[in-house]
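Peer 1: 3D model of this:
(2 chains)
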Number of protein chains: 2
Amino acid sequence: MRVEILGIKEIPLIGKEDDLGEIIFMAAEKQGIKIKNGDILVVTQKIVSKAEGKLIALDLVNPTEEANQIADITGKDPRIIQIVLNETKNVIRLNERAIISETHHGFICANAGVDYSNIEDGYVAVLPENPDRSASMIRSRIRGIAGIDIAVIITDTWGRPWRLGQVDFAIGISGISPFKDYRGEQDLMGHTLSVTNIAIVDEIAAAAELVKGKELGIPAVIIRGYEYEKTESSAITLLRSIDQDLFR
Amino acid sequence: MRVEILGIKEIPLIGKEDDLGEIIFMAAEKQGIKIKNGDILVVTQKIVSKAEGKLIALDLVNPTEEANQIADITGKDPRIIQIVLNETKNVIRLNERAIISETHHGFICANAGVDYSNIEDGYVAVLPENPDRSASMIRSRIRGIAGIDIAVIITDTWGRPWRLGQVDFAIGISGISPFKDYRGEQDLMGHTLSVTNIAIVDEIAAAAELVKGKELGIPAVIIRGYEYEKTESSAITLLRSIDQDLFR
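Peer 2: Below you'll find the model as predicted:
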């Protein structure tokens, strides 16, 4: 049982309307990685947002009174707060250090995923509008170029309750089941497993982050050798409904 | 940039006082995996608990009134509830479906990590008393056998707030820094990163789970090719203090 995590280097800085599928495929080829049927391509949200024009110029933002008030609490730029609020369906927690938002997609994360690392001055990036669709488009494009079927996972880097540090999570998927479900199967002792349902796309997101490295500029990674269930699904199926959630 | 995830097969069922370091090392050798300097060995908590005799016979447990009351709410065996309570420092949430506990170590997870998969009937397994020490012992043993320095991570499988499904987390570490800290470094645009501090041992735990597979009986995994900071640390440093935590 052997899985490889391969970072795709020398992907150029991405701009609006760039053809991500082609750019990633060509960068991999150039590096000697021939993307194959059954590979999983993991792509960082940031380059997807850039390609989809999801950068917002701070100069064009007029903060509301609410944004100004939160800016006073958090000590942040009220224009950035305004963008966070625009991306937020519900504020889950708010204090002087953080805004934990539920995004319009339903993801719960700090600042609704708005961030300004690896972005030119005066702009912030927001999450793709429909990360599943973003994943699907990259997958289709690579199918078009190379005639192969892969899975694509779009990821973002978030903190967690209770534990320090961040890990990568899946926010958009195409061609892969988000879960490996052991419920109903038998363990080594012959007992039926009643709980275990592994969120494998989050594990794959986390695994891919290991070779990314912010300073290395590796926004795309191939996971090879992992046998996954090929199906059409959505990263939204990873979200707990509020009645299944003890922490909202 | 290439990292490999190698599952170690044919590890026999583990019993009390088994020499885990030697058993894992020999199983890897037999399979043609020569564990090397700089490898990361990821070991599932369950076999550590078994080797350390952390199985508890349900017949020997007398549930208290509190355990009986919670058993009424949750519909679970009051003896198992009693064991969960014994392993719990604070109950974080309790309803008919789950007890979310803070363990004596400080980990927050369902049922204080008590579980009965892959355990013989009539017993449950509790977490190792000191998983860092468990990791350190396996590491020392392999250093003793082969004269090499590796990192060891003990993992468990937990659910998360807001997201369905479980992923593996690091509960004990030896010879590796839990974090890769980018704070103070510069991004591709020359901005100083102020937030990013990746919980790499949790990412490694998640990556390793991909090749484990409950039904495959692969409780130990080698991560090869990942360059980590070699240092003495503790999985306890991953825990947020209560004043840094918005979800307790």
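Peer 1: from here on, contacts and neighbour counts on C-alpha atoms
Peer 2: Fine.
Peer 1: residue contacts, the nearest residue to A:Ala57 once chain neighbours are set aside?
Peer 2: Ranked by Cα to Cα, 6 or more residues apart in numbering or on different chains and with sequence neighbours excluded, the top spatial neighbour of A:Ala57 is A:Tyr123, at 4.5 Å. Contact partners of A:Tyr123, counting by Cα atoms under 8 Å, 6 or more residues apart in numbering or on different chains, are A:55-58, A:116.
Peer 1: by contact count, what packs against the helix or strand of chain A with the lowest mean pLDDT?
Peer 2: Lowest by mean pLDDT, DSSP states H and E among the helices and strands of chain A is strand A:180-181, with a mean of 92. Here strand A:180-181 touches strand A:197-198, going by 3 or more Cα pairs under 8 Å, 6 or more residues apart in numbering or on different chains; DSSP states H and E.
Peer 1: pLDDT value on the residue nearest to A:Ala57, please?
Peer 2: A:Tyr123 carries a pLDDT value of 96.
Peer 1: rewinding a little: strand partners (parallel or antiparallel) of the least confident helix or strand of chain A?
Peer 2: strand A:197-198 (antiparallel) (DSSP bridges).
Peer 1: How about residues contacting the strand it pairs with?
Peer 2: Here strand A:197-198 has contacts from A:179-183, B:165-167, using Cα under 8 Å, 6+ apart.
Peer 1: biggest separation within those, which pair?
Peer 2: Using Cα to Cα, the pair of those lying farthest apart is A:Arg183 and B:Val167, separated by 14.9 Å.
Peer 1: between those two, which one's more packed in?
Peer 2: B:Val167 (27 against 13; other Cα atoms under 10 Å in any protein chain shown).
Peer 1: Identify the residues contacting the more buried one.
Peer 2: A:198-200, A:202-203, B:157-159, B:206, B:209.
Peer 1: returning to that earlier point: how about CSV for the contacts of A:Tyr123, with secondary structure and neighbour count added?
Peer 2: Below are those laid out as CSV (DSSP: H, G, I helix; E, B strand; the rest coil; neighbours: other Cα atoms under 10 Å in any protein chain shown):
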residue, secondary structure, neighbour count
A:Leu55, strand, 24
A:Ile56, strand, 16
A:Ala57, strand, 16
A:Leu58, helix, 17
A:Tyr116, coil, 19
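Peer 1: Make TSV from those residues and add distance to B:Ile81 to it.
Peer 2: Below are those laid out as TSV (distance: Cα to Cα, whole Å):
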residue	distance to B:Ile81
A:Leu55	51
A:Ile56	51
A:Ala57	54
A:Leu58	53
A:Tyr116	46
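Peer 1: from these, which single one is nearest chain B?
Peer 2: Checking the contacts of A:Tyr123 against chain B by Cα to the nearest Cα gives A:Tyr116 as the nearest, at 9.0 Å.
Peer 1: Apart from its neighbours in sequence, what residue is nearest the closest one?
Peer 2: Using Cα to Cα, 6+ apart, the closest residue to A:Tyr116 is A:Val124 (4.7 Å).
Peer 1: what sits against that neighbour?
Peer 2: A:Val124 touches A:55-58, A:80, A:114-116, counting by Cα under 8 Å, 6+ apart.
Peer 1: and the residue most central in space within chain A, what helix or strand is that in?
Peer 2: Nearest residue to the geometric centre of chain A (Cα atoms, centre = their mean): A:Thr155, 2.0 Å. Using DSSP states H and E, the element containing A:Thr155 is strand A:151-159.
Peer 1: Distance from the chain centre to whatever helix or strand comes next after that strand, please.
Peer 2: Using DSSP H and E, the helix or strand that directly follows strand A:151-159 along the chain is strand A:166-174. Strand A:166-174 has its C-alpha centroid displaced from the chain centroid by 4 Å (Cα atoms, centre = their mean, to the nearest Å).
Peer 1: Report the inter-axis angle for strand A:166-174 versus strand A:151-159.
Peer 2: 150 degrees (axes from the mean of the first three to the mean of the last three Cα atoms, to 10 degrees).
Peer 1: Poorly predicted segments of chain A, please.
Peer 2: A:214-216 (pLDDT under 70).
Peer 1: Now do the helices in it.
Peer 2: A:20-30, A:45-51, A:65-74, A:78-86, A:131-146, A:200-212 (DSSP state H).
Peer 1: Out of those, which is closest to chain B?
Peer 2: helix A:200-212 (4.6 Å).
Peer 1: just to revisit the earlier point, deepest-packed of the helices of chain A, please.
Peer 2: helix A:200-212 (a mean of 28; mean count of other Cα atoms under 10 Å in any protein chain shown).
Peer 1: who touches that helix?
Peer 2: With Cα under 8 Å, 6+ apart, helix A:200-212 has contacts from A:5-7, A:42, A:153, A:155, A:167-170, A:177-180, A:218-223, B:1-3, B:167-168, B:200, B:203-204, B:206-207, B:209-210, B:226.
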